[in-house]
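Chemist: Sharing a model prediction with you, sequence too.
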Amino acid sequence: MPPRLNLLGAGRSLAARSRPSIASQQPRISLAVSRRGYADENEPPATNDNQSGLGHVSEEAADMGKVTGETQPDLGKGTPVQDILRRDQEGKDKAPEVIRAEIDSTEANASDRTTFANLLALAQMENIARGGHGSDPVTVGHKYGIPELPLASNMHLKRRYDPVVNQVTNLIMKHGKKSVAQRNMSFILNQLRTAPPPTPNPARPLLPGSPPPAHLPLDPIGYLTIAIDSVAPLLRIRSQRGAAGGGAALQIPVPLGLQQRRRTAVQWILDAASKKKSRGSGKGQFAQRFADEIISVVEGKSGVWDRRQLVHKTGTSALHKQCPFQKYSHNPGHPHPHTQKNAIFYFMGST
């Protein structure tokens, strides 16, 4: 007997699918529509959303200024191309003839603005702005006064300091540290200015014409100059081998110039100051020792006086030994030995 047909079971085994939607599917990637930028303000309206772009940075700042109430940028102003080309010579040469002519005319007008009449009018306006009158006297010219000629010796940039101060600063400088030497020099002058008046030693007098001891602290630069010049030697001893005959060395005194004398004196003072003991600790101890040695020189207590006396004594004895070995010459380029001897004795006797 054939099996019975079950219609309900056959219906359960069939899978039912929904009818597909008739709506049009949008593409996943939209075509980018190019937007043309217009330079004029009458820009045509956007036809779709893709053509509406963000505004310029200045426009965005203007919109933000309207919202926040801050200062808005001026959209009507920009950097003219003439100002850009004026700073770029190569671009100016390659610019069109019209722009170059406009740049030249602007420069000519700028030069015309600096005429005497314009400067006078500007000065009168400044007088009125200060609360004065336009008829007040006006000084047209330099902002600051012109120095009188001839210029002083200290007006030059490299010679604005006293020569003694400059020379001592260079001599106390170490390892090229000029600022440290200048700071020490300032401390030395300040110490000489605040120190009590010195008490000179009559046996070791200072230079003739020196101010009284009570006036020395009032002028620290003069104080330093008098101390250095008073102890500076007038000559140096040069040893020449074989000049005395038989291979013996002959000591020849050589006169020194002003800068050489001061250099030797400062070196002696530095040697004496380096042997002193510091009275404390800190960066200013070297300057303190140097200032104390300067005061000792003026008071005649420094050992630099003994070195100066020894050099002069050696030079005097060397002159007496030098004359028998020198040959007399009437050549103007080689002066007479007695003339050299008398000249050195004259300088040594002047002290």
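Modeler: Alright, I've got the coordinates.

Chemist: Could you pull up the mean pLDDT of stretch 238-245?
Modeler: Mean per-residue pLDDT for stretch 238-245: 77.

Chemist: buried residues in the helix or strand where residue 126 lies?
Modeler: According to DSSP states H and E, residue 126 maps onto helix 116-129. Of the residues in helix 116-129, those buried by neighbour count under the rule 16 or more other Cβ atoms under 10 Å are 123-124, 127. In this view, the C-beta of every residue, glycine as well, is placed from N, C-alpha and C.

Chemist: Quick one: list the elements packing against it.
Modeler: Using 3 or more Cβ pairs under 8 Å, 6 or more residues apart in numbering; DSSP states H and E as the contact criterion, no helix or strand is in contact with helix 116-129.

Chemist: Name the spans of the protein whose pLDDT lies under the cut-off.
Modeler: For the chain, applying pLDDT under 70 flags the ranges 1-58, 73-80, 82, 108-114, 140-141, 143, 243-244, 322-351.

Chemist: rerun that using 50 as the cut-off
Modeler: Residue ranges of the chain with pLDDT under 50: 29-34, 325, 327-343, 345-347, 349-351.

Chemist: From the recorded domain assignment, give the ranges for it.
Modeler: Structural domains assigned to the chain are 81-112, 162-349, following automatic domain parsing.

Chemist: Please, where are all the helices along this protein?
Modeler: Using DSSP state H, the helices of the chain run over residues 7-12, 57-68, 81-87, 89-93, 97-112, 116-129, 163-172, 178-194, 220-231, 258-274, 285-299, 304-322, 337-349.

Chemist: just so I know, which of the ones you listed lies nearest residue 209?
Modeler: Between residue 209 and these, the shortest gap by Cβ to Cβ is with helix 220-231, which sits at 9.5 Å.

Chemist: Tell me which other helices or strands the closest one touches.
Modeler: The helices and strands touching helix 220-231, judged by 3+ Cβ pairs under 8 Å, 6+ apart, are helix 163-172, helix 178-194, helix 258-274, helix 285-299, helix 304-322.

Chemist: could those helices go into JSON lines alongside distance to residue 206 and mean neighbour count?
Modeler: Shown next, in JSON lines, are the helices and strands packed on helix 220-231 (distance: least, Cβ to Cβ, whole Å; neighbours: other Cβ atoms under 10 Å):
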{"stretch": "helix 163-172", "distance to residue 206": "15", "mean neighbour count": "17"}
{"stretch": "helix 178-194", "distance to residue 206": "15", "mean neighbour count": "17"}
{"stretch": "helix 258-274", "distance to residue 206": "13", "mean neighbour count": "18"}
{"stretch": "helix 285-299", "distance to residue 206": "7", "mean neighbour count": "21"}
{"stretch": "helix 304-322", "distance to residue 206": "11", "mean neighbour count": "16"}
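
Chemist: In TSV: the ones you listed, plus distance to residue 217.
Modeler: Below are the helices and strands packed on helix 220-231 laid out as TSV (distance: least, Cβ to Cβ, whole Å):
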stretch	distance to residue 217
helix 163-172	16
helix 178-194	6
helix 258-274	18
helix 285-299	10
helix 304-322	21
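
Chemist: Quick check: which of those helices is nearest to residue 146?
Modeler: Between residue 146 and the helices and strands packed on helix 220-231, the shortest gap by Cβ to Cβ is with helix 163-172, which sits at 26.2 Å.

Chemist: Summarise which helices and strands that closest one is packed against.
Modeler: Helix 163-172 is packed against helix 178-194, helix 220-231, helix 258-274, with contacts defined by 3+ Cβ pairs under 8 Å, 6+ apart.

Chemist: Of those helices, give the one that comes closest to residue 169.
Modeler: helix 178-194 (4.7 Å).

Chemist: mind checking the end-to-end distance for stretch 235-253?
Modeler: Start and end residues of stretch 235-253 are separated by 6 Å (Cα to Cα, to the nearest Å).
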